[in-house]
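S.K.: Predicted model and sequence follow; I will ask about them next.
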Amino acid sequence: MMQALVATHTLLAAGSPGINWHGFFFLLFALLACGLALAVVLADNVVRMAFYLVLSLGATAGLFFLAGAEFVGAMQLMIYVGGTLVLLIFGVMLTAQEPFVAIRTSTRDKVLAGVVGGALLAVLLQAALTGPAWSGHTAVDASAGVSQPTATPLGMALVGVRVDGDVASGQPSPVDGQVRSGYLLPFEIVSVHLLVVLVGAAYLARTKRRKSSASVRDEALTGVVR
Amino acid sequence: MNLLSDPVGVSHYLVVGALLFTTGVVCMVVKRNALGVLMGIELVLNGANVNFVAFGSPVLRGEQASLLGLDGQAMALFVILLAAAEAAVALAITLNFYNNHATVDVDRADDLKG
């Protein structure tokens, strides 16, 4: 008992300078994201599924912040959680008639999906854990991990100027000496794509004009078939 | 491999991405509610996004400190935008289907079955 206490104490003393808060918060957000994603699959009620999905995507935004991609994390919160999921929840509300709130899947399908999902997960995990390029142990200095803000480089890249090595000015990146191009053309394509898609969605989801009963009766009387 | 004391690496993020991707695929396959299938698609795209951000991250542990650099984050932004567009169209189709068939069960959408 005493020995165990001493051992724990020495372990704590050894580990106390680095209870790695980056790792702690990574673990927290990762468990939240994965657990809530599992809850989305396991829940039957579609309203609860939407709620779990909101929380899972929010936890993923936390992971993005931890990886030093704070602009992407903010966009994830604003566009995904604030926009896409509000849209999804409106869809749930518009279609949540009583028989459709919880449509059950047959047990056979569930078992089959579990087997297929398990196999897929095994393959992906094997790739994630054994890739030589990313499972290395050369530690980046954690104190050097205070990353530069990424909003300015990303914004400049979207209008076609790379701060980190620009093709137009011929300036190589100070980090690895490469020149890169910006994203002006993909940005424009995505903008037009978004506009077209939203017009198309509004067209698809518009309310159809119902024929009034009077016009139906007139058609029946006169024999006009439209 | 102690998660609380070791620095977080790219492969940690890849594991999270793999889990999100798999749950999304299973969700797409299992759910009979059309909106549930849509949520599965969101989860899959999110898993891909986690991988993009991990490879583009400057702070994570890895052999080459940044494999993609800023490109990974830009790709993640494009994925988020396209996911928003896709959700809008899919939702419009779902509403149309609901108006025409009075159900959102995808198993009942078999009008084109030969």
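M.R.: Thanks, I have it. Numbering: from 1, shown residues only, chains lettered A, B, ... in the order given.

S.K.: Is chain B within reach of stretch A:85-104?
M.R.: Yes: residues of stretch A:85-104 contacting chain B under C-beta under 8 Å from any C-beta of the partner chain: A:87-88, A:90-92, A:94-95, A:100, A:103-104. For glycine as for every other residue, the C-beta is placed from the backbone atoms N, C-alpha and C.

S.K.: I'd like those residues laid out as JSON lines, including pLDDT, neighbour count and secondary structure.
M.R.: Formatted as JSON lines, the residues of stretch A:85-104 next to chain B follow (pLDDT from 0 to 100; neighbours: other C-beta atoms under 10 Å in any protein chain shown; DSSP: H, G, I helix; E, B strand; the rest coil):
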{"residue": "A:L87", "pLDDT": "85", "neighbour count": "17", "secondary structure": "helix"}
{"residue": "A:L88", "pLDDT": "86", "neighbour count": "23", "secondary structure": "helix"}
{"residue": "A:F90", "pLDDT": "86", "neighbour count": "12", "secondary structure": "helix"}
{"residue": "A:G91", "pLDDT": "85", "neighbour count": "24", "secondary structure": "helix"}
{"residue": "A:V92", "pLDDT": "84", "neighbour count": "25", "secondary structure": "helix"}
{"residue": "A:L94", "pLDDT": "83", "neighbour count": "16", "secondary structure": "helix"}
{"residue": "A:T95", "pLDDT": "81", "neighbour count": "22", "secondary structure": "helix"}
{"residue": "A:F100", "pLDDT": "67", "neighbour count": "19", "secondary structure": "helix"}
{"residue": "A:I103", "pLDDT": "75", "neighbour count": "19", "secondary structure": "coil"}
{"residue": "A:R104", "pLDDT": "77", "neighbour count": "8", "secondary structure": "coil"}
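
S.K.: which two in the residues you listed are spaced the farthest apart?
M.R.: Using C-beta to C-beta, those reach their maximum pairwise distance at A:L87 and A:R104, which is 25.5 Å.

S.K.: buried residues in the helix or strand hosting A:L185?
M.R.: In this structure, A:L185 sits in helix A:184-204 according to DSSP states H and E. Using 16 or more other C-beta atoms under 10 Å in any protein chain shown as the burial criterion, the residues of helix A:184-204 that qualify are A:187, A:190, A:197, A:201.

S.K.: same check, this time on stretch A:79-86
M.R.: Buried, per 16+ other C-beta under 10 Å, within stretch A:79-86: A:79-81, A:83-85.

S.K.: Redo those residues as a markdown table? Include pLDDT and secondary structure.
M.R.: What follows is the buried residues of stretch A:79-86, written out as a markdown table (pLDDT from 0 to 100; DSSP: H, G, I helix; E, B strand; the rest coil):
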| residue | pLDDT | secondary structure |
| --- | --- | --- |
| A:I79 | 89 | helix |
| A:Y80 | 86 | helix |
| A:V81 | 85 | helix |
| A:G83 | 84 | helix |
| A:T84 | 83 | helix |
| A:L85 | 84 | helix |
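
S.K.: Walking through chain A, point out its helices one by one.
M.R.: Using DSSP state H, the helices assigned to chain A run over residues A:2-15, A:21-42, A:46-66, A:70-75, A:85-95, A:107-130, A:151-158, A:184-204, A:213-222.

S.K.: Grab the longest helix from chain B for me.
M.R.: Chain B, longest helix under DSSP H: helix B:70-101.

S.K.: helices or strands up against it?
M.R.: On a contact count with 3 or more C-beta pairs under 8 Å, 6 or more residues apart in numbering or on different chains; DSSP states H and E, helix B:70-101 meets helix A:70-75, helix A:85-95, helix A:151-158, helix A:184-204, helix B:34-55.
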